[in-house]
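Participant: mind looking at a prediction? Sequence and model below.
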Amino acid sequence: MSALHFSFVPSLVAGAVALCSLQAQAQERIYRCGNEYTNNAQVAKSRNCTPMEGGNITIVEGTKPTPVARSTPAAAPRNGNDRVDPNAQRARDSDAKAILEAELRKAEERLAQARKEYANGEPEKQGIESRNYQRYLDRVAELKAAVTRAESDVAGLQRELGRLPAASGNAAR
């Protein structure tokens, strides 16, 4: 049994040494330099930092934001010139217009479906709604909100389409 006891002694000694070294590190003087902290006395002296007094201090460094990688556009400006190739711009405008028109068609279909379900504020009652009038009123309010959202979507897409330059005659810009 004594041999077993002696095999644990080195690990206990190593653990005690590790604890002492951690405590020694924790007792280093901490200096505050504005919104930064340091335990390097030379840096603190050169920057006129003030020593922190009192209890222990814990500082958790936040993540630094990574810079956004800028992708190169399809028609990058040439020779420091801020102008984009007119043909490339027309192609972009054409693509944007096609996408917006497709979205507008989908939004108009959703609006037509919402109006059909709403039935001018008098949709047919479903199941339990004939006995629970409040549930019917709640569904009517939801249908009305859906119609309003769909109308707003259509109007927004039409505004965006109106902002696009006309397809013909923009080469002079």
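Facilitator: Done, it's in.
Participant: just confirm Arg32 is within a strand.
Facilitator: Yes. Counting by DSSP: H, G, I helix; E, B strand; the rest coil, Arg32 is part of a strand.
Participant: that one is in contact with Met52, isn't it?
Facilitator: Yes. Judged on CB atoms under 8 Å, Arg32 makes contact with Met52 at a distance of 5.5 Å. Just so you know, the C-beta spots here come from the backbone N, C-alpha and C atoms, and that holds for glycine as well.
Participant: what's the overlap in contacts for those two?
Facilitator: The contact sets of Arg32 and Met52 do not overlap (CB atoms under 8 Å, 6 or more residues apart in numbering).
Participant: buried ones in stretch 108-122?
Facilitator: Using 16 or more other CB atoms under 10 Å as the burial criterion, the residues of stretch 108-122 that qualify are Arg110, Leu111, Ala114, Tyr118.
Participant: reformat the residues you listed as TSV; add secondary structure, distance to Arg135 and pLDDT.
Facilitator: Converted to TSV, the buried residues of stretch 108-122 look like this (DSSP: H, G, I helix; E, B strand; the rest coil; distance: CB to CB, whole Å; pLDDT from 0 to 100):
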residue	secondary structure	distance to Arg135	pLDDT
Arg110	helix	24	95
Leu111	helix	25	95
Ala114	helix	19	94
Tyr118	helix	16	94
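Participant: nearest to Ser152 among those residues?
Facilitator: Checking the buried residues of stretch 108-122 against Ser152 by CB to CB gives Leu111 as the nearest, at 9.6 Å.
Participant: excluding chain neighbours, what is closest to that closest one?
Facilitator: Distance criterion CB to CB, 6 or more residues apart in numbering; nearest residue to Leu111, sequence neighbours excluded, is Ala150 at 3.9 Å.
Participant: my reading is that the one you found lies in a strand. Confirm?
Facilitator: No. Per three-state DSSP, Ala150 lies outside any strand segment and is helix.
Participant: number of residues surrounding it?
Facilitator: With neighbours defined by other CB atoms under 10 Å, the count for Ala150 comes to 20.
Participant: list the contacts of it.
Facilitator: Going by CB under 8 Å, 6+ apart, Ala150 touches Ala107, Arg110, Leu111, Ala114, Arg115.
Participant: go ahead and confirm the first one touches Ala155.
Facilitator: Right, Ala107. No. Counting by CB under 8 Å, Ala107 stays clear of Ala155, with 9.3 Å between them.
Participant: columns distance to Ala41 on top of the buried residues of stretch 108-122, output as a markdown table?
Facilitator: Below are these laid out as a markdown table (distance: CB to CB, whole Å):
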| residue | distance to Ala41 |
| --- | --- |
| Arg110 | 68 |
| Leu111 | 71 |
| Ala114 | 71 |
| Tyr118 | 75 |
